[in-house]
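S.K.: Generate coordinates for the sequence data below:
(chains A and B)
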Amino acid sequence: MFLRPIGLSLALLLTTAPVFAQTAPAPPAVAPTEPRETIEGTLSNERTVIAIPSLATSSVQTVAGLRTDSLGRQIAEVIAADLERSGLYEPVGPGGVRAITRAEVQAPRFADWQARNAENVVHGFVDASGTGGLVVGCYLYDTALGSELVRKGFEIQPSDWRRAAHKCADAIYSRLSGEAPFFDSRVAYIAESGPKGNRIKRLAIMDSDGGNHRFITNGQSLAISPRFSPDYKKIVYVSYLNNRVRVFIYDVAAGSQKLVTESGNATFAPRWSPDGSQILYSMAVGGNTDIYRISANGGTPVRLTSTPGIDVGGSFSPDGRKIVFESDRSGSQQIYTMNIDGSNQQRISFGGGRAATPEWSPRGDLIAFTRMGGGEFRIGVMTPTGGGTRLLTNSWQDEAPTWSPNGRVIQFFRTTPGREGKSSLWQVDLTGVNLRRLPTPQDGSDPSWGPVLP
Amino acid sequence: MTIRKSTAMIAAITMLAVGACSKKAPETLPPVPEGTGTDTGTDTGTGVIPGSQEDFLASVGAMGDRVFFDFDQYNVDSEDMATLQTQSQWLQRNPAVRVTLEGHADERGTRDYNIALGERRANAAKNYLASLGIDPSRISVISYGKERPAEIGSTEEAYARNRRAVTVIIGR
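M.R.: Prediction:
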């Protein structure tokens, strides 16, 4: 994967050849103004209208089988879909809006877009780099002020065009919302097929919008609970290979896997530390499950819990200093925190029902979890000390939250009851609105959302 | 003949236990899995290989290969003890046979926890068999959590059948 941000100056945009040698940061055309919108409490019903015509091209060329004009349209579609999915914006285009010329990219006809009731307009271009790659430029304008708000340029391999679109959408989203980006990120999950009693479960990966979908395992062995490493190079997960329950680290590029630790006991529920150097896993010995920590390179595991109850799962705080996990030591599943050496174990979930599958927000301020009670499984959030619990979903069985890289959106999976019950991936905004199903080729479960790609 | 006698006694205990514990016993037996014997008698009939899964099921009964648990529980109650006692007699008659105890949970739990719960259940059954004199080294354990329900459906009846530990013959 190759995506290099490049600076786009006016001079650069008028020429093509020396683009790659430039390292100067893009100077903003106008001083940044305050974000026009902040997300607080609930999302407004008034969504900002953003016009997104197809990206222009200097000259139609075919690079690696892709036409620059077709890509201009496809990139605009991905940008529009990202912004729409955020729930904050109402994209107009690229369908149904007029095409723009290459010259317009830096000289928008603001009146035209104001006439479409667009407060903002996105312009951009896709050009052949001349070295087998593509240069994608992306601009966001305020139509009323006539000012430039975002200017981004990327030199990419043609196969990475979707990433350029996500990067562009991230820049627009961040500029307008004041939030950190999250579109250019990936998800590992379990693709499910077959009858409920003999489900085929395969490890699969995809972009945060479902694009670039790829199956990793062939389904011969049951695969569950994957987690992407922070650098996306590896996936830790549980495989029932050879009818045993064991944690493997799968190397995405090499297509090979290795055991996290050699043990005659079942190992499961693996999690990465934020820096990818360590892995948490749970191990059952004689029926008693405890949590262990081990270097991602192997070595001697450190046992972190030792109660007779089930201690399982776990999620590091973003600073890597604490772990939130679940335990039934009190008599039912509840959520606890501890230091990474296992000291200072404290229960933080109280209130009705059971609480499970805690996941620490990348922002550090909240813990997402599954609340079970009253015949429902719901996704909730609370503070790291157990305060301010809010339930975000309401369904028969919602389970296993995972955070967007900016701590703004939560993905999870939803199971429906009955003989024909299905599992599917969903996401919801932190405020409990904008609930959406994610497109997957088969049924899906156990999503694991990774960080924003560099 | 002592074996035969105690089998009869255990059968009687089993019936009593079933009557006393209507809460967790399935009201009707689900269909017998394909490829296993349908005869619940103790007599190994024609063509059944001694020490095989078929022989085991013929001896312990169609549902005698499994014990059931209450919601989020893993204690072996009197009914389970009777079932496991019947299993232990067959295991004593076939001392070279090794088994796997498969622990399972119903679908109304979270995935990782249910694997831990299945481990508890399989180990509870294993420990009881060991207390009856079965060498624990003959018994391996695996938990499937909620991944492999025996009864498909989202009813309390189905859940009761899925909260189980199943003894599976894996050979000699």
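
S.K.: residue ranges for the helices of chain B, please.
M.R.: Secondary structure of chain B (DSSP state H): helices located at B:2-20, B:53-60, B:78-93, B:111-131, B:156-162.

S.K.: Could you identify which of these is most buried?
M.R.: Highest mean neighbour count among those (mean count of other CB atoms under 10 Å in any protein chain shown): helix B:111-131, with a mean of 26. All C-beta atoms are positioned from the backbone trio N, CA, C, and that covers glycine.

S.K.: Next one: that one, is it in contact with chain A?
M.R.: Yes. Contact of helix B:111-131 with chain A (CB under 8 Å from any CB of the partner chain) involves B:111-113, B:115-117, B:119-120, B:122-124, B:127.

S.K.: Just give me the residue right at the centre of chain B.
M.R.: residue B:66 (1.7 Å; CA atoms, centre = their mean).

S.K.: my read: that one touches residue B:83, true?
M.R.: Yes. The pair residue B:66 / residue B:83 is scored as a contact, 7.4 Å apart, by CB atoms under 8 Å.

S.K.: ends of stretch A:396-411, how far apart?
M.R.: One end of stretch A:396-411 to the other measures 16 Å (CA to CA, to the nearest Å).

S.K.: Also stretch A:127-147?
M.R.: 24 Å.

S.K.: average pLDDT for it?
M.R.: For stretch A:127-147, mean pLDDT rounds to 96.

S.K.: List the buried residues for that stretch?
M.R.: The neighbour-count check on stretch A:127-147 (16 or more other CB atoms under 10 Å in any protein chain shown) flags A:127-129, A:133-143 as buried.

S.K.: Stretch A:336-351 too?
M.R.: Neighbour-count burial for stretch A:336-351, counted by 16+ other CB under 10 Å, picks out A:336-338, A:340, A:342, A:345, A:348-349.

S.K.: Farthest pair within the residues you listed?
M.R.: The most widely separated members of those, counting by CB to CB, are A:340 and A:349 (20.0 Å).

S.K.: how about the residues of chain B near chain A?
M.R.: B:72, B:74, B:100, B:107-113, B:115-117, B:119-120, B:122-124, B:127, B:141-143, B:147-150, B:152-154.

S.K.: And the helices in the stretch 1-150 of chain A?
M.R.: A:10-14, A:68-85, A:110-114 (DSSP state H, counting those that start in this stretch).

S.K.: Mind listing what's buried along the longest one?
M.R.: By 16+ other CB under 10 Å, the buried positions in helix A:68-85 come out as A:68-69, A:71-85.

S.K.: show me the contacts for residue A:422.
M.R.: A:415-416, A:443 (CB atoms under 8 Å, 6 or more residues apart in numbering or on different chains).

S.K.: now do residue B:142
M.R.: Taking CB under 8 Å, 6+ apart as the test, what residue B:142 contacts is A:243-245, A:266, B:100-103, B:122.

S.K.: For chain A, what's its nearest residue on chain B.
M.R.: residue B:123 (3.0 Å; CB to the nearest CB).

S.K.: any idea how far that residue lies from residue A:450?
M.R.: In this structure, residue B:123 and residue A:450 are 35 Å apart, going by CB to CB, to the nearest Å.

S.K.: What of residue B:87?
M.R.: On the measure of CB to CB, residue B:87 and residue A:450 end up 47 Å apart.

S.K.: Kindly report the same for residue A:361.
M.R.: 14 Å.

S.K.: Past the stretch of helix or strand residue A:358 belongs to, which element shows up next along the chain?
M.R.: If you go by DSSP states H and E, residue A:358 is part of strand A:354-360. For strand A:354-360, the following helix or strand on the C-terminal side (DSSP H and E) is strand A:367-373.

S.K.: what's the burial count for the single nearest residue of chain A relative to chain B?
M.R.: As assessed by CB to the nearest CB, chain B sits closest to residue A:287 within chain A, at 3.0 Å. Counted with other CB atoms under 10 Å in any protein chain shown, residues neighbouring residue A:287 total 23.

S.K.: Not counting sequence-adjacent ones, nearest residue to it?
M.R.: Nearest non-adjacent residue to residue A:287, counting by CB to CB, 6 or more residues apart in numbering or on different chains: residue B:123, 3.0 Å away.

S.K.: tell me the contacts of the one you found?
M.R.: So residue B:123 contacts A:284, A:286-287, B:101, B:103, B:141 (CB under 8 Å, 6+ apart).
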